[in-house]
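Visitor: Structure for the following, please:
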Amino acid sequence: MYYVVGLGNPGGEYELSRHNAGRIVLADFIKKQKIAEPEFNKKLKALVSEGKITKEKFQIIFPETFMNKSGLSVKPVITSKKKAANLIVVHDDVDLPLGKFKISVGKGSAGHKGVESIIKNIKTKDFIRIRVGISFATPKGKLKKPNGEKMLDFIIGNFKPKELPVLKKISKKITSALEEIISDGVNKAMSNYNK
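Guide: Predicted coordinates:
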């Protein structure tokens, strides 16, 4: 069983915020898999749904806590290092430009409060992450990320209308990458998608 967690903040006002990129992308994955809409699970304090790719089962988890407490929704299901190896966390990343994503395993949180909370709660960083780029880039691809106080406004701010099609497009690729991780393992997906 794979556990796929889409990070973000609950509530309508955050629905299209950059910090919710993980949730937005995972909602597209759910549509493609044609699985049931996630329902609230009291024990996990999260919206949860389940599905299957080939013979491999997966569980979708959208924490309904705020971002910095995301680990509370993950802790009850990831009870061992073995289970942590099957945890996939999809989240926004200011160190990548919008329209790019990266699959990584066993990395630190790089200051991401949601990832930090998960590492703290499950006591390991050895899990899979799909990092979804949200920063601006110059036409030559140089990253222009905000700093200091502007950073918070940027990440909780909404995607601009012209950015949403870019997110939709990358969302399709991430959906394929997720399918590949679940059916064929993370190493194969990394060699195909981390270009």
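
Visitor: so what does the longest helix along the chain touch, helix or strand wise?
Guide: Longest helix in the chain, counting residues (DSSP state H): helix 164-184. Applying 3 or more CB pairs under 8 Å, 6 or more residues apart in numbering; DSSP states H and E, one finds that helix 164-184 contacts strand 2-6, helix 21-33, strand 46-53, strand 56-63, strand 87-97, strand 101-105, strand 128-137, helix 186-193. C-beta coordinates here come from the backbone N, C-alpha and C atoms, glycine included.

Visitor: Next, the angle from the last one to helix 164-184.
Guide: So that's helix 186-193. With axes from the mean of the first three to the mean of the last three CA atoms, to 10 degrees applied, the angle from helix 186-193 to helix 164-184 works out at 140 degrees.

Visitor: Then the third one?
Guide: Orientation check (the same axes, to 10 degrees): strand 46-53 against helix 164-184 gives 60 degrees.

Visitor: coming back round to it: return the alpha-carbon coordinates of the longest helix of the chain using PDB.
Guide: The C-alpha trace of helix 164-184 is given here as PDB (Å, rounded to 0.1, in the frame of the first residue of the first chain):
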ATOM      1  CA  LEU A 164      -3.000  28.000 -13.700                       C
ATOM      2  CA  PRO A 165      -2.700  26.400 -17.200                       C
ATOM      3  CA  VAL A 166       1.000  25.900 -16.500                       C
ATOM      4  CA  LEU A 167       0.100  24.100 -13.300                       C
ATOM      5  CA  LYS A 168      -2.500  22.000 -15.100                       C
ATOM      6  CA  LYS A 169       0.000  20.900 -17.700                       C
ATOM      7  CA  ILE A 170       2.600  19.900 -15.100                       C
ATOM      8  CA  SER A 171      -0.100  18.200 -13.100                       C
ATOM      9  CA  LYS A 172      -0.700  15.700 -16.000                       C
ATOM     10  CA  LYS A 173       3.000  14.800 -15.900                       C
ATOM     11  CA  ILE A 174       3.000  14.400 -12.100                       C
ATOM     12  CA  THR A 175      -0.100  12.200 -12.400                       C
ATOM     13  CA  SER A 176       1.900   9.900 -14.800                       C
ATOM     14  CA  ALA A 177       4.900  10.000 -12.500                       C
ATOM     15  CA  LEU A 178       2.700   9.000  -9.500                       C
ATOM     16  CA  GLU A 179       1.200   6.100 -11.500                       C
ATOM     17  CA  GLU A 180       4.700   4.900 -12.300                       C
ATOM     18  CA  ILE A 181       6.000   5.200  -8.700                       C
ATOM     19  CA  ILE A 182       3.000   3.100  -7.500                       C
ATOM     20  CA  SER A 183       3.200   0.500 -10.300                       C
ATOM     21  CA  ASP A 184       7.000   0.300 -11.000                       C
END
